[in-house]
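Enquirer: From the sequence below, what's the structure:
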Amino acid sequence: MFLPSYSALVALVIYVLPAVQSSPLTPTATTKNTDHDGISHAQAVAAGSPPNCFPAIGFTMPSAVPSSTTNWWCDYDTEYAFMGFSYEVSECQSLSKLRSEFLDIRERFKGRYVRLYGACDRKGFYDDVIDAAWRAGVGVHALIWFGWDDPNIWKTRRTALLGTLHSNPKAKFVTRVLQFGSEPLYDWALDPEDLAAQVRSAKSNLTTLHIPVTISEMAYGYQEHQNDGAKDVMNAIDLIDAHMLPFFSEKASTASQSWPIVETDINWFINNGGGKKIYLSQNGWPSTTYDGVEPNSPSAVANVANERDYYTLLDSKCSYFKSAPGGGIGWFAHIYSDDQEPGYGIYGTNGALKFSFAPKTSC
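Expert: This is a model prediction of the structure:
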């Protein structure tokens, strides 16, 4: 049974995506990959040495593309605490900018992943993302973005992205998961059974590449459909990319006091997620308010200090995230720069850090 929480978050409007042919794919589990010496990645971390897997901190990218993904990806249970950034792409960043900023995410912040947000419809854009990710040594949470202006644009985006995942030899080595987003359940954009069929169809398409598929959604989105098919969606996805924006809760006040809100939604995902890996993929606290980014609590405070305090709070919970069921919980910072989404960036529009940001990647 789906258990309710009391958070209320803002969401994005999604267009309806019609069902396509689907077939089942065994969900990606919390696998136990091993290095060539037989030591598991988790054992290597426990022994104090970096695991020899992608995208672990300290991993050296090979000079040539490997022949398979066997023992390539790190175990899910090494992927907890800070993961990386949401990264908005409607700017259609140049290849040189993608390379520079992905490298900054890796080297300055020890990020392991970039979670794409928004859409760029420039031909070959995801090839550029793959190039930049490979060079920087970061993985990608890819995204099929539905948008608002054209109810059929998702078809072009899906075709292009799936085509690139198959045609680019590096794609399966940097693409950790494919997301449908954003928040299709919360927006009632798709009948849940149709959404589940979309997930299964994408999984079937990507079977030979071993790329998992999920949706980008908050707990409340699933809870809205607890009696009309949300369980089908949860069963279909391979892992959980959860949204966590406690500023919009009716119980919100300051970021440092937001843990009960966060924990309530995390517990919902744990209790209803069937042991699947959890990432907090769209996760943050705004430093300002404006139309569309307004609190649902009169006590909620949006400023730079509270944005900083939210990430300080998450950083203080490293042991909790490490021990969470399903292989631990990894969290992303939403978002890389205020140029991408005002108020949420770690960088301001002046290109400078808004506050010191050096969260733990392990503990």
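
Enquirer: secondary structure element for Ser96?
Expert: Using DSSP states H and E, Ser96 maps to helix 95-107.

Enquirer: Next: Glu217.
Expert: Assessed by DSSP H and E, Glu217 sits inside strand 213-218.

Enquirer: Could you list the low-pLDDT ranges of the protein?
Expert: Residue ranges of the chain with pLDDT under 70: 1-50.

Enquirer: returning to what we had before: put the alpha carbons of the strand holding Glu217 into CSV.
Expert: C-alpha atoms of strand 213-218 as CSV (Å, rounded to 0.1, in the frame of the first residue of the first chain):
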residue,chain,number,x,y,z
VAL,A,213,15.1,3.6,-16.9
THR,A,214,13.2,5.6,-14.4
ILE,A,215,11.0,8.7,-14.0
SER,A,216,11.9,11.9,-12.4
GLU,A,217,9.3,12.4,-9.7
MET,A,218,8.5,13.4,-6.1
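
Enquirer: could you point out which element follows that strand?
Expert: helix 219-224.

Enquirer: Determine how far the following helix or strand past that next one lies from the middle of the whole chain.
Expert: For helix 219-224, the succeeding helix or strand toward the C-terminus, using DSSP H and E, is helix 230-236. In terms of Cα atoms, centre = their mean, to the nearest Å, the centre of helix 230-236 is found 18 Å from the chain centre.

Enquirer: Could you name the helices and strands sitting against helix 230-236?
Expert: In terms of contacts (3 or more Cβ pairs under 8 Å, 6 or more residues apart in numbering; DSSP states H and E), helix 230-236 is packed against helix 192-205, helix 219-224. C-beta: built from backbone N, CA, C; applies to glycine.

Enquirer: got the buried residues for it?
Expert: In terms of neighbour count (16 or more other Cβ atoms under 10 Å), helix 230-236 has its buried residues at 230-234, 236.

Enquirer: Whichever helix or strand comes after it pairs with which strands, and in what direction?
Expert: Going down the chain from helix 230-236, the next helix or strand is strand 240-244, by DSSP H and E. Applying DSSP bridges to the sheet, strand 240-244 is found paired with strand 213-218 (parallel), strand 278-283 (parallel).

Enquirer: In PDB, could you pull the C-alpha coordinates for strand 240-244?
Expert: The C-alpha trace of strand 240-244 is given here as PDB (Å, rounded to 0.1, in the frame of the first residue of the first chain):
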ATOM      1  CA  ILE A 240      14.300   5.900  -8.000                       C
ATOM      2  CA  ASP A 241      15.200   9.500  -9.000                       C
ATOM      3  CA  ALA A 242      13.400  11.400  -6.300                       C
ATOM      4  CA  HIS A 243      12.700  15.100  -6.100                       C
ATOM      5  CA  MET A 244      13.300  16.700  -2.700                       C
END
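
Enquirer: Pull out the C-alpha coordinates of the helix or strand just after that strand and format them as PDB.
Expert: As assigned by DSSP H and E, the chain's next helix or strand after strand 240-244 is helix 259-272. Extracted C-alpha coordinates of helix 259-272, given in PDB (Å, rounded to 0.1, in the frame of the first residue of the first chain):
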ATOM      1  CA  TRP A 259      15.100  17.200   8.100                       C
ATOM      2  CA  PRO A 260      11.700  15.900   9.300                       C
ATOM      3  CA  ILE A 261      10.200  16.900   5.900                       C
ATOM      4  CA  VAL A 262      13.000  15.300   4.000                       C
ATOM      5  CA  GLU A 263      13.000  12.100   6.100                       C
ATOM      6  CA  THR A 264       9.200  11.700   5.700                       C
ATOM      7  CA  ASP A 265       9.500  11.500   1.900                       C
ATOM      8  CA  ILE A 266      12.600   9.400   2.000                       C
ATOM      9  CA  ASN A 267      10.800   6.900   4.300                       C
ATOM     10  CA  TRP A 268       7.900   6.800   1.800                       C
ATOM     11  CA  PHE A 269      10.300   5.900  -1.000                       C
ATOM     12  CA  ILE A 270      12.000   3.300   1.200                       C
ATOM     13  CA  ASN A 271       8.600   1.800   2.300                       C
ATOM     14  CA  ASN A 272       7.200   1.700  -1.300                       C
END
